[in-house]
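Student: sequence and computational prediction follow.
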Amino acid sequence: MSVTTLEARNLVKDFHLRSGFKTSILHAVKDVSFTIEAGKTVALVGESGSGKSTIARMLMKLETPTSGQILLDGQESGMSGRAVEAYRSQVQMVFQDPFASLNPFHTIFHHLERPIRLHHPKLSTAQVRERALELLERVRLTPAESFAERRPHELSGGQRQRVAIARALAPGARFIVADEPVSMLDVSIRLGVLNLLADLQREDDLGVLYITHDLATARHFSDEIMVLYKGDVVERGPADDVILNPQHEYTRTLLGAAPEPENLGRLRDEVRAELAGL
């Protein structure tokens, strides 16, 4: 039986910049290749401006690669409307900012109803509502009926991100591109959202591209880590190997800038103490 895969093959993305009469080329992504298998998480790690989000946008067909291919189960999808719609039924994205990615004028049910109807047009109104409520329960937003009628401003940041995750699952996606999914959340709730993603991955055999600058979470929630520097993948390998035995100077620099484990433990204890006092 073949393994379900999402593959980036020799991706290149150049941006043409104009300043006055001069034109320059920004090489944002340089010949990047990787494969994400069903049930596996690949972490893409790098500082801001390294090209992480550009890769995510190409995977979601929000940017057209200068060259290279994106293949789903070995087949390249085109950029026409129907081809993109079929592709996005299988590949969905969780954005960094859960408030900006949700329409403040609509209910949570509306945010889930639309992708369900778009990708499953034969479902009845009752079936659509049933599926939307099931998604809310899966992301631990209960009672689902209560959350369905709320609007984004009535939820916390963590709850909004759980809605965004539910929306990504609504079409029946097999791959999730998670672009810094917890970086804008409070420290006290980040772990809960990451654990939710890990649980859903196991339940649905999802393939996940986890984009982050946080090496600690990359190690604990990923099977493989790729380190991106100025559009180049400078190091890759099993998560423990990359973190415990880094080969590239840039990887060592990132690790050197990360908080020490004992400091992370102290921060966790401080957060728990603060929460206990509320």
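Tutor: Perfect, thanks for sending it.
Student: Thr23 reaches Leu17, doesn't it?
Tutor: Yes: using C-beta atoms under 8 Å, Thr23 is in contact with Leu17, at 6.9 Å. Every residue, glycine included, has its C-beta placed from N, CA and C.
Student: flag the shaky bits of the stretch 1-150 of the chain, pLDDT-wise.
Tutor: Applying pLDDT under 70 to the stretch 1-150 of the chain picks out residues 1-3.
Student: repeat that for 50
Tutor: 1 (pLDDT under 50).
Student: show me where it has strands.
Tutor: Along the stretch 1-150 of the chain, counting by DSSP state E, counting those that start in this stretch, strands occupy 5-19, 22-37, 41-45, 67-72, 75-76, 91-94.
Student: residues near Lys40, how many?
Tutor: By the criterion of other C-beta atoms under 10 Å, Lys40 has 18 neighbours.
Student: excluding its backbone neighbours, what's nearest the residue nearest the centre of the chain?
Tutor: For the chain, the residue sitting closest to the mean C-alpha position, by C-alpha atoms, centre = their mean, is Ala178 at 0.4 Å. Nearest residue to Ala178, sequence neighbours excluded (C-beta to C-beta, 6 or more residues apart in numbering): Val94, at 4.6 Å.
Student: for the stretch 101-250 of the chain, what spans make up the helices?
Tutor: Secondary structure of the stretch 101-250 of the chain (DSSP state H, counting those that start in this stretch): helices at 108-119, 125-138, 144-148, 157-169, 187-204, 215-221, 239-244, 249-257.
Student: pLDDT of the longest one, averaged?
Tutor: Just to be clear, that refers to helix 187-204. For helix 187-204, mean pLDDT is 91.
Student: now that helix against strand 41-45, angle please.
Tutor: 140 degrees (axes from the mean of the first three to the mean of the last three C-alpha atoms, to 10 degrees).
Student: hey, C-alpha coordinates of helix 187-204 in PDB?
Tutor: Extracted in PDB, the C-alpha atoms of helix 187-204 (Å, rounded to 0.1, in the frame of the first residue of the first chain):
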ATOM      1  CA  VAL A 187       2.500  30.700  27.300                       C
ATOM      2  CA  SER A 188       0.000  29.000  29.600                       C
ATOM      3  CA  ILE A 189      -2.200  27.700  26.700                       C
ATOM      4  CA  ARG A 190       0.400  26.900  24.000                       C
ATOM      5  CA  LEU A 191       1.000  23.400  25.200                       C
ATOM      6  CA  GLY A 192      -2.700  22.600  25.200                       C
ATOM      7  CA  VAL A 193      -3.100  23.600  21.500                       C
ATOM      8  CA  LEU A 194       0.000  21.700  20.500                       C
ATOM      9  CA  ASN A 195      -1.200  18.600  22.300                       C
ATOM     10  CA  LEU A 196      -4.600  19.000  20.500                       C
ATOM     11  CA  LEU A 197      -2.800  19.000  17.200                       C
ATOM     12  CA  ALA A 198      -0.800  15.900  18.100                       C
ATOM     13  CA  ASP A 199      -4.000  14.100  19.200                       C
ATOM     14  CA  LEU A 200      -5.800  15.000  16.000                       C
ATOM     15  CA  GLN A 201      -2.800  13.900  13.900                       C
ATOM     16  CA  ARG A 202      -2.900  10.500  15.600                       C
ATOM     17  CA  GLU A 203      -6.700  10.200  15.200                       C
ATOM     18  CA  ASP A 204      -6.800  11.200  11.500                       C
END
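Student: which strands or helices does that helix pack on?
Tutor: helix 157-169, strand 175-179, helix 215-221, helix 261-276 (3 or more C-beta pairs under 8 Å, 6 or more residues apart in numbering; DSSP states H and E).
Student: now Leu62: how far from Arg88?
Tutor: Between Leu62 and Arg88 the computed distance is 10 Å (C-beta to C-beta, to the nearest Å).
Student: of the strands of the stretch 1-150 of the chain, which is nearest Ala218?
Tutor: Minimum separation from Ala218 across the strands of the stretch 1-150 of the chain (C-beta to C-beta) falls at strand 41-45, 3.8 Å.
Student: residues in contact with the closest one: which ones?
Tutor: Contact with strand 41-45 is made by 34, 36, 52, 55, 201, 207-215, 218, 221-228, 239, 254, as judged by C-beta atoms under 8 Å, 6 or more residues apart in numbering.
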